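J.: From the sequence below, what's the structure:
(chains A and B)
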Amino acid sequence: MLDIKFIRDNPELVQKKVEQKGYKGSIAQLIKVDGKRRDLIEKIDKLRSKRKEVADKRDLSEGKKIKEDLKQKEIQLEEVNLEYGKSLNELPNLPLDGVPVGDESQFEIIKTVGKIPKIDLPKDHLELGEILDVIDVERAAKVSGSRFGYLKNEAAILEFALVEYALATLTKEGFSPIIPPVLIKENITQQLGYWQGKGQGEYYRADDEDESGLYLIGTSEHSIVPMHKDEILENLPKRYVGFSSAFRREAGSYGKDTRGILRVHQFDKVEMIAFVKPEDDEKERKKMLELSEKLVASLGLPYQVKKLASGDISFPAAETIDIEIWIPSQNTYRETHSISTTTDFQARRLNIKFNLGVKKEFVHILNGTAFAIGRTIIAILENYQKKDGSVEIPKVLQKYTGFAKIKPKSTR
RNA sequence: GGAGGGGUCGCAUAGCGGACUAGUGCGAUUGUCUUGAAAACAAUUGUGGCAGCAAUGUCACCGUGGGUUCGAAUCCCACCCCCUCCGCCA
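T.: You can find the predicted model right below:
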């Protein structure tokens, strides 16, 4: 949610910025509705004040008249409010200055880190997964359909190792570990802002026949951020490191990444969430990016850092930086991490504030990936593969896995 | 899932159609007194909308949403949440 006062004061700027995010509507129209709304509110307030007076005097006939008049105006206001709320709700967060303007092709590569390994005829993660007996998508298809997978044996242990490693690293940085619910109420999904626009169809609804259906979260952020709905937070910054499964319909991705477990309906993820004062937003963004990079770099994986273009940023976010790790079989970098600030956009919708002197101010809310487990395992398998299909385990993970290498099944 | 009890200003409670402009106690803040503190006394004490540069004014909010009434915390309807007991269950 954008601040209506800011919109009133800067209509052209807002129009320009929301268009950069792909919004098609008219700010001038919203301001017109806003004016109508304020006019009605003033009239209704006056009538209500009069109603009190008249009721005190037990003036039944005058009271009845006011009641009728009020009812009419209240109905009008309800209609205007509906339009007003809808228009305001449809406005995406404004991209920060410095976000490249344009569609998804207008990204900027900020830096490239690490040496791309020289592998002759690299096997992809699925082939490796089969050789090593650690990934099974065929049986998953039998049980759950396409875009699912079983992580088995060393890969399953690797998942726990990554989780432990991320938790150990991030708790040291002031993040409180948390395991959130994976089902959330519909009104919460609306307040988060992801179900707007292209977000629709991205998420699973748990029980279709029930009106008050619950939704499966697409990332732990979806149930961690709204924890503090309607609260006034003390002791900012407040940081969480969440672990949960994430569920995605991948509705718009037919035919894309159909092989293996790169793009699946369910995967586990360690995620950073931070609630900060507005002035600390930039600092926190840097911190999150540094931490994500540190986690990736310490695994010895080559990666690049990419600033997304305005048209590619999600509805509630004002800036998004992705980390993409090198995937040898595809001869390219693929997204594994995403660090975003939603500024005060989500905080406004969820009413999350902090004490600023005698006033209350909205917090800024940021989120960033620590590890998307599935894709990180893919990256490890592919980048650390040897000729015979065996895979080394990055040094920092070995104390968590208890093994240094995954050997082909046939050699065991 | 069944049966009971309950949701009121930070907390605890009162109120059950018009003086509720929500009372009282506790807490908190400020002031008086005091070398300082305690105690005592006094005052203040929420959120949001609208108008205004502001002081301020005004409206709304007693779990949520509807309804009845000239007038609703109070009456009616639906829903949500919490507690206790029973059942089921990792």
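
J.: which regions of the stretch 251-400 of chain A lie under the pLDDT threshold?
T.: Applying pLDDT under 70 to the stretch 251-400 of chain A flags residues A:357-358.

J.: and it, which residues reach RNA strand B?
T.: Contact residues, the stretch 251-400 of chain A versus RNA strand B (Cβ under 7 Å from any atom of the strand): A:353, A:360. C-beta here means a position set from N, CA and C on the backbone, and glycine is covered the same way.

J.: List the single closest residue to the residue of the stretch 251-400 of chain A found nearest RNA strand B in space, sequence neighbours excluded.
T.: Closest contact between the stretch 251-400 of chain A and RNA strand B, by Cβ to the nearest atom of the strand, is at A:Lys360 (4.5 Å). Using Cβ to Cβ, 6 or more residues apart in numbering and skipping residues adjacent in sequence, the residue nearest A:Lys360 is A:Lys353, 4.3 Å away.

J.: how near is the closest residue to A:Leu183 other than its chain neighbours to RNA strand B?
T.: Excluding its sequence neighbours, the residue lying closest to A:Leu183 (Cβ to Cβ, 6+ apart) is A:Leu214, at 4.2 Å. A:Leu214 is 11 Å from RNA strand B, where distance means Cβ to the nearest atom of the strand, to the nearest Å.

J.: what about A:Leu214, how many residues close to it?
T.: 18 (other Cβ atoms under 10 Å).

J.: what's the neighbour count on A:Asp56?
T.: Neighbours of A:Asp56 using other Cβ under 10 Å come to 8.

J.: what do you get for A:Gly63?
T.: By other Cβ under 10 Å, 16 other residues sit near A:Gly63.

J.: One more: the one 10 residues further on?
T.: A total of 15 residues lie near A:Lys73 under the criterion other Cβ under 10 Å.

J.: Most proximal residue of chain A with respect to RNA strand B?
T.: A:Gly63 (2.3 Å).

J.: In this structure that residue contacts A:Arg51, no?
T.: Yes - using Cβ atoms under 8 Å, A:Gly63 is in contact with A:Arg51, at 7.0 Å.

J.: Report the residue spans of the stretch 1-150 of chain A with pLDDT below the cut-off.
T.: Short version for the stretch 1-150 of chain A, where the test is pLDDT under 70: none.

J.: All the helices of it, residue numbers only.
T.: Using DSSP state H, counting those that start in this stretch, the helices assigned to the stretch 1-150 of chain A run over residues A:4-9, A:11-20, A:27-56, A:60-90, A:125-132, A:138-144.

J.: Point out the most buried one among these.
T.: helix A:125-132 (a mean of 23; mean count of other Cβ atoms under 10 Å).

J.: elements contacting that helix?
T.: Here helix A:125-132 touches strand A:135-136, helix A:153-171, helix A:373-383, going by 3 or more Cβ pairs under 8 Å, 6 or more residues apart in numbering; DSSP states H and E.

J.: can you give me the offset of the helix or strand in which A:Trp326 is found from its chain's centre?
T.: Element membership for A:Trp326, per DSSP states H and E: strand A:319-327. Between the centre of strand A:319-327 and the centre of its chain there are 14 Å (Cα atoms, centre = their mean, to the nearest Å).
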